[in-house]
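A.B. asks: What follows is a predicted structure for the sequence shown.
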Amino acid sequence: MRIIALAAVAASLAVPAAADETWLLPEAGIYCPAHGENVLPISITPTHGMGIDGLDCPTVRLSRGRVRSPMCWANGGSRVDLDTDLLVLPSGSMIHDSVVFRRWRGPLPCPVN
């Protein structure tokens with residue numbers, strides 16, 4: 001029983017607090033479609049914001065395979081909320097709308113097939 005309790009304590013110390021989910025985001029940068037699909041890239045800012053689906057979201061929350069934000073900016077300056085699918089893989093790649101996105105370190109724009 002003590003081993004289980006110690007394991008639970010160690011696990012709770014190994015990850016950030018549950019209220020802060022920004023640590024789940026991959027490192028800041030531009031993420032391009034891995035296979036050259038003609039879709040918009042995803043950007044992650046150093047302050048844990050996200051550019052996705054043409055929206056600029058200063059703060060996002062990841063939970064259960066979804067990314068949410070109460071306020072994002074769209075083209076023309078309109079404010080909208082965000083709630084869409086996003087899986088972050090252990091490699092740091094992401095899957096959104098059945099497209100795999102990987103961090104791009106080359107010159108922009110992203111390559112397209």
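C.D. replies: Looks like it came in fine.

A.B. asks: how close does Leu87 sit to Thr47?
C.D. replies: Taking CB to CB, to the nearest Å as the measure, Leu87 and Thr47 are separated by 22 Å. Backbone N, C-alpha and C define where each C-beta goes, glycine included.

A.B. asks: Specify which residue of these two has the higher count of neighbours.
C.D. replies: Ranked by neighbour count (other CB atoms under 10 Å), Leu87 and Thr47 place Leu87 first, with 14 against 9.

A.B. asks: Buried residues in stretch 47-58, which are they?
C.D. replies: By neighbour count on 16 or more other CB atoms under 10 Å, the buried set for stretch 47-58 is 48-52, 55, 57.

A.B. asks: and which of these is nearest Ile42?
C.D. replies: The shortest approach to Ile42 among those belongs to Ile52, at 5.1 Å (CB to CB).

A.B. asks: Just list the residues touching the most centrally placed residue in the chain, thanks.
C.D. replies: Closest to where the C-alpha atoms of the chain average out (CA atoms, centre = their mean) is Leu25, at 4.6 Å. Leu25 makes contact with 44, 48, 50, 60, 62, 88, according to CB atoms under 8 Å, 6 or more residues apart in numbering.

A.B. asks: And for Pro111?
C.D. replies: Neighbours of Pro111 in contact, by CB under 8 Å, 6+ apart: 32, 36.

A.B. asks: What helix or strand is it located in?
C.D. replies: Secondary structure assignment for Pro111, by DSSP states H and E: no helix or strand.

A.B. asks: which parts of stretch 64-83 are buried?
C.D. replies: Of the residues in stretch 64-83, 67-69, 72, 82 count as buried by neighbour count, 16+ other CB under 10 Å.

A.B. asks: now, which of the residues you listed lie within helices?
C.D. replies: With helices taken from DSSP state H, there is no overlap with those.

A.B. asks: Now tabulate those in a markdown table and tack on distance to Ile95.
C.D. replies: Converted to a markdown table, these look like this (distance: CB to CB, whole Å):
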| residue | distance to Ile95 |
| --- | --- |
| Val67 | 11 |
| Arg68 | 17 |
| Ser69 | 18 |
| Cys72 | 20 |
| Leu82 | 17 |
